[in-house]
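In: return atomic coordinates for the entry below.
(2 chains)
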Amino acid sequence: MKFDLKKISLSEVNEYLQNYNKKSNNRIFKITNPNGNHAICAGLKDDIEVNVDGHAGYYFAGMNMNAKIIINGNVGTGVAENMMSGVVHVKGNASQSAGATAHGGTLIIDGNTSSRCGISMKGVDIIVKGSVGHMSAFMAQSGNLLICGDAGEALGDSIYEAKIFIKGKVKSLGADCEEKKIDNNDKKILKSLLDKAGLNKENIQNFKMYGSARKLYNFNIDNVSEY
Amino acid sequence: MCGIVGIYLKNKKYHKDLGKFLSGMMNNMATRGPDSAGFAIYSSEKKNKFKYSVCFTNINSSEVKKNLLKKIKDAKIKIISDHIVIETSLNPSKVLNIINKFENLSLVGYGNAIEIFKQVGNPKDVVKNFNLEKFSGSHAIGHTRMATESAITTDGSHPYSTGKDECLVHNGSLSNHNNLRRSLKKRGIKIKSQNDTEVAAGYISDGLSNNKSLKETLIDGLKDLDGFYTFISGTKNGMAIVRDEIACKPAVVAETNDYVAIASEFQAMAHLPGVNNAKIFEPDPGLVYSWGQ
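Out: Take a look at the predicted model:
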């Protein structure tokens, strides 16, 4: 089924997709003319597939559960914010706060993201084939952020137990973020992330891993300037 | 919040569509700033002639025209809504003096190429009131305002112009504008309002009057202007954009062989021809991008 956002309102499309008949066999949809609108495909709950052709605005595919949402274009701030499960695949670039607070699922970005990618992530897997901007994985609590390109300033600032894998250069690390040794379990995670994004040709030896130094978990007066 | 937009036309065939492009961009940004709106249009300059964009209040337009023609004999006068554009070859200092003496007139901006219009009200209405669709030119900058720092008045609306053919629109707020206002005033820069953006406009005027380029001035501004901001600034020859280092305030650029468009959000430019195949990017924090200078 096709929806042309020039002809039908976004709220009607979202409402239709959010309440789609669970038993229906027809589970693939296409949306055209997104024209930078906000909250396209927000709050989908079922395992349907939606293909969007064009550029979207803020909070694209926010709060996604189960659905597979693919956009052939760029997205604005907060793509897949608070996603619970499912897959969101952006074939262009994403703006800031991609995957913010997302609990689960997979967010794949073929291009770059700007600042604060994975801010406060809580279990999502985020795979960025390009580079990420400053303050990425800020306060990231769990889940994995894989970056094939470079990272901007203050990567992983105040990070908790999320893992960051990166192939390119890190401009600087944020407070309490440090390089970690990659063990066999980490290798498995890294391999599965690469597989998910179809990056099977990447050599896992080329990646470094960063995580929390765990020095800021409890208040310590010596660290006061870092809080 | 606020919405900012700018468009620079590389291809002359689109010059006649400048107003149409910009009005679409401003209408789409009305949700980001419903309090007031304004825009600056740059069209081809006439040698030795200056255009003065002036806002009038509490007086009818025919009376303004009559009074002005008494003082400026060669004035060509265009009245649109509550604005009047005076074109004359008289010496600028004389003209500015004359305008200042009229109680009901306040200068919005002047130069060889620039015309500026701004008004309180929903951007969609403001765009209609000034007939923006009918304008042509080479580049233009617009603003839709959600007021934070100062009152909802025409004086508090953007774009700000504190020098010949200059203008600035701003999404964000500055924290050191009071100090900077004092030091710029000492250096002879005229700043009328209590608004933070007008101070940044004054800062740019100061830089340009010291023979720095717009790009160099904005690079220096990264050190001197404290706060958060995305600025779009225009001169007779082009325009530039800069975001502060933290880059909380959004911006997206779409560039084709025919034009460069800048806006707070992509939806502002979704109606432009060929935009889906444009090179689209977000300006990096702390980097100045400029076109046409």
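In: which intervals of chain B have sub-threshold pLDDT?
Out: B:293 (pLDDT under 70).
In: residue at max distance from the center of it?
Out: Distance to the chain centre peaks in chain B at B:K70, reaching 29.5 Å (criterion: C-alpha atoms, centre = their mean).
In: quick one, phi psi at that residue?
Out: Note on B:K70: backbone dihedrals following degrees, to the nearest 10 are phi -70, psi -40.
In: helix/strand/coil for A:V224?
Out: Look at A:V224: counting by DSSP: H, G, I helix; E, B strand; the rest coil, its state is helix.
In: pLDDT wise, what is it at?
Out: As predicted, A:V224 sits at a pLDDT of 80.
In: distance of it relative to A:A175?
Out: A:V224 is 12 Å from A:A175, where distance means C-beta to C-beta, to the nearest Å. (Glycine included, C-beta is placed from N, CA and C.)
In: neighbour-wise, which of those two wins?
Out: Shown here are A:V224 and A:A175; by other C-beta atoms under 10 Å in any protein chain shown, A:A175 has more neighbours (17 against 8).
In: right, and the more buried one touches A:M139 too?
Out: No. Between A:A175 and A:M139 there is no contact under C-beta atoms under 8 Å: 10.5 Å.
In: go ahead and confirm B:H158 touches B:A200.
Out: No. Contact between B:H158 and B:A200 fails when scored by C-beta under 8 Å: they sit 10.4 Å apart.
In: residue 34 sits in which helix or strand?
Out: Answering for chain A, as no chain was given. Using DSSP states H and E, no element contains A:P34; it sits outside every helix and strand.
In: returning to that earlier point: determine the residues that are contacts of both of A:A175 and A:M139.
Out: A:D157, A:S158 (C-beta atoms under 8 Å, 6 or more residues apart in numbering or on different chains).
In: quick one, longest helix in the chain?
Out: I'll assume chain A. Longest helix in chain A by number of residues (criterion: DSSP state H): helix A:184-196.
In: ah, no, chain B please
Out: Counting by DSSP H, the longest helix found in chain B is helix B:196-209.
In: can you list contacts of that helix?
Out: Counting by C-beta under 8 Å, 6+ apart, helix B:196-209 makes contact with B:149-150, B:158, B:160-163, B:166-170, B:173-174, B:177, B:180-181, B:184, B:187, B:189-192, B:214, B:216-218, B:220-221, B:224-225, B:227, B:229, B:231, B:233, B:235, all of which sit outside it.
In: which single residue in chain B comes nearest to chain A?
Out: B:Q267 (3.1 Å; C-beta to the nearest C-beta).
In: any common contacting residues for B:H158 and B:A200?
Out: With C-beta under 8 Å, 6+ apart, B:H158 and B:A200 have common neighbours B:L168, B:H170.
In: hmm, back to that, next helix or strand past the longest helix of chain B?
Out: helix B:214-224.
In: and that following helix, what's buried?
Out: B:L214, B:K215, B:T217, B:L218, B:I219, B:D220, B:G221, B:L222 (16 or more other C-beta atoms under 10 Å in any protein chain shown).
In: mind listing what the fifth one touches?
Out: Just to be clear, that refers to B:I219. B:I219 sits in contact with B:V242, B:V288, where contact means C-beta under 8 Å, 6+ apart.
In: quick one: it and B:T230, what's the gap?
Out: 15 Å.
In: quick one: the closest residue to chain B within chain A from B:L272, how far?
Out: Among the residues of chain A, A:G36 lies closest to chain B, at 3.1 Å counting by C-beta to the nearest C-beta. Between A:G36 and B:L272 the distance is 11 Å, computed by C-beta to C-beta.
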